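J.: sequence and predicted structure, then a few things I'm wondering about:
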Amino acid sequence: MQPLLYGELTPFYHLLDPAQDHDLEAVVFHAAFTRVNPGAKTLLELGSGAGHNALHLKRNFECTLSDVSPSMLGLSRTLNPECAHFEGDLRTLRLDRRFDAVLLHDSICYMSSRADLRAAADTAFVHTLPGGAAIFAPDCVRETFMEHTNWYEGDDAERSLRCIEWVTDPDPSDDIYLVDYGFLLRDGTGVRAVHDRHVEGVFARAVWVETLSAAGFTVEPLARPLSESESDEVFLCRRPL
């Protein structure tokens, strides 16, 4: 079942995940793509969500965006009207076109089995031009996963959001963990409480490398900035010529 955040709660999405929070990593993604292919001009984002990555990357690339959620595509079309948008599941999408660069950001976290992960890797590979690159940017790998809690808040002229995010792993022997959001949402004069559970995948670094390599990529680590002082490690994948 699709999380509420990507359906009925999409009007609040920008309060939880502001577009400006993606600027630092977008610079790193652009640099990595052009390091692999200095002439890179086209980019496909698989699972583009509200289009917050594209808002920054469209300065340098002609962006094509896909997502399984019509509501999220609606947000992205408003933010990025010049970009092409397609509805589709990143495990099965086939656009009959290849791109210089392919990005899988938060969307890759929802691959909750190794079969799903391989399907996503295959989709990225068939859409990447020879000599091009794909970046897979999971929130964590098994070796770096930690249970934690975060607090978010945001306001605009019409809405307010307060949120606790609770990340837990009830069974460390399997390949999933849980992200529970507790929202207090104000829309007009009323306040409502909403619980939204997300089931996400977590795989060892070796599983990532093995899966991406089996799809046909060569794989290397890429440092992604989380803030001015923190970074994590994602995967830069090259499709051989």
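T.: Received it, and whenever you're ready, just let me know what you need.
J.: can you pull the phi/psi pair for the spatially most distant residue from the centre of the chain?
T.: What lies farthest from the middle of the chain is Thr189; by C-alpha atoms, centre = their mean that is 32.9 Å. In terms of degrees, to the nearest 10, the main-chain angles of Thr189 are phi -100, psi -10.
J.: look up the pLDDT of it for me, please.
T.: pLDDT, Thr189: 79.
J.: so, low pLDDT: which residues of this protein?
T.: Within the chain, no range satisfies pLDDT under 70.
J.: so what's Gly132 up against?
T.: Applying C-beta atoms under 8 Å, 6 or more residues apart in numbering, one finds that Gly132 lies in contact with 36-37, 40, 98-102, 238-239. To be clear about C-beta, it is placed using only N, CA and C from the backbone, and glycine gets the same treatment.
J.: oops, could you answer that again for Pro240 instead?
T.: Pro240 touches 130-131, 216, 218, counting by C-beta under 8 Å, 6+ apart.
J.: can I get the residues you listed in CSV including distance to Ile108 and secondary structure?
T.: As requested, the contacts of Pro240 are arranged in CSV below (distance: C-beta to C-beta, whole Å; DSSP: H, G, I helix; E, B strand; the rest coil):
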residue, distance to Ile108, secondary structure
Pro130, 22, strand
Gly131, 23, strand
Gly216, 17, coil
Thr218, 18, strand
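J.: out of the residues you listed, which is nearest to Glu153?
T.: If you rank these by distance to Glu153 using C-beta to C-beta, Thr218 comes first, at 42.1 Å.
J.: quick one, what contacts that closest one?
T.: 237-238, 240.
J.: go ahead and confirm Ser113 touches Gly201.
T.: Yes: with contact defined as C-beta atoms under 8 Å, Ser113 and Gly201 form a contacting pair (6.9 Å).
J.: still on that earlier bit, the contacts of Thr218 in strands, which ones?
T.: Assigned to strands by DSSP state E, the following of the contacts of Thr218 qualify: 237-238.
J.: could you redo the contacts of Thr218 as JSON lines and give each row distance to Phe136?
T.: As requested, these are exported to JSON lines (distance: C-beta to C-beta, whole Å):
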{"residue": "Cys237", "distance to Phe136": "7"}
{"residue": "Arg238", "distance to Phe136": "12"}
{"residue": "Pro240", "distance to Phe136": "17"}
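J.: name the residues contacting each of Ser113 and Gly201.
T.: Asp175.
J.: quick one, which of these two is more surrounded?
T.: Gly201 (22 against 13; other C-beta atoms under 10 Å).
J.: wait, doesn't that one sit right on Arg118?
T.: No: Gly201 is beyond contact range of Arg118, at 11.7 Å (criterion: C-beta under 8 Å).
J.: burial count for the closest residue in space to Leu4 that isn't next to it in sequence?
T.: Counting by C-beta to C-beta, 6 or more residues apart in numbering, the nearest residue to Leu4 once its immediate chain neighbours are dropped is Asp196, at 4.4 Å. Neighbourhood size, Asp196 [other C-beta under 10 Å]: 18.
J.: also Asp139?
T.: Neighbour count for Asp139, taken as other C-beta under 10 Å: 19.
J.: what do you get for the one 10 residues further on?
T.: Using other C-beta under 10 Å, the number of residues around Thr149 comes to 10.
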